[in-house]
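Novice: Here's a sequence, model it:
(one chain, ligands or ions: 1)
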Amino acid sequence: AFEIQLGSSGQILEVPADKSALQVLLEQDIDIPYSCEDGVCGTCLTRVLEGEPDHRDLFMEPAEHAANDQFTPCCSRSKSKRLVLDI
Ligand code: FES
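Specialist: Here you go, the predicted model:
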């Protein structure tokens, strides 16, 4: 599990192992555009302000992964305990 924090409100949400960050956000009525839910389309790409994503998508280039300033919440996880998102 890891936490996501909304940069705008400071709200912290727990992402359990059996849910994606996207699912957790949608359950909170936070509107994230998405399509494939499988790391392919890039529709859900979200800016990361703090923390180190564990990238699981096939959309970004390796250099984009290494920059760690965005991630795909439909499938990617986090290497740090918390990711602060620009939403
Ligand atoms: Fe397609 Fe996340 S919804 S990459």
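
Novice: just how off-centre is the host helix or strand of residue 64 within its chain?
Specialist: Residue 64 is located in helix 62-67, with elements delineated by DSSP states H and E. Remark: helix 62-67 is offset 15 Å from the chain centroid, using Cα atoms, centre = their mean, to the nearest Å.

Novice: If you count neighbours, what's buried in it?
Specialist: Buried residues in helix 62-67, counted by 16 or more other Cβ atoms under 10 Å: residue 65. Every residue, glycine included, has its C-beta placed from N, CA and C.

Novice: And for stretch 70-81?
Specialist: Of all the residues in stretch 70-81, those buried under the rule 16+ other Cβ under 10 Å are 70, 71, 72, 73, 74, 75, 76, 77, 78.

Novice: One more: stretch 18-36?
Specialist: Neighbour-count burial for stretch 18-36 [16+ other Cβ under 10 Å]: 20, 21, 22, 23, 24, 25, 30, 32, 34, 36.
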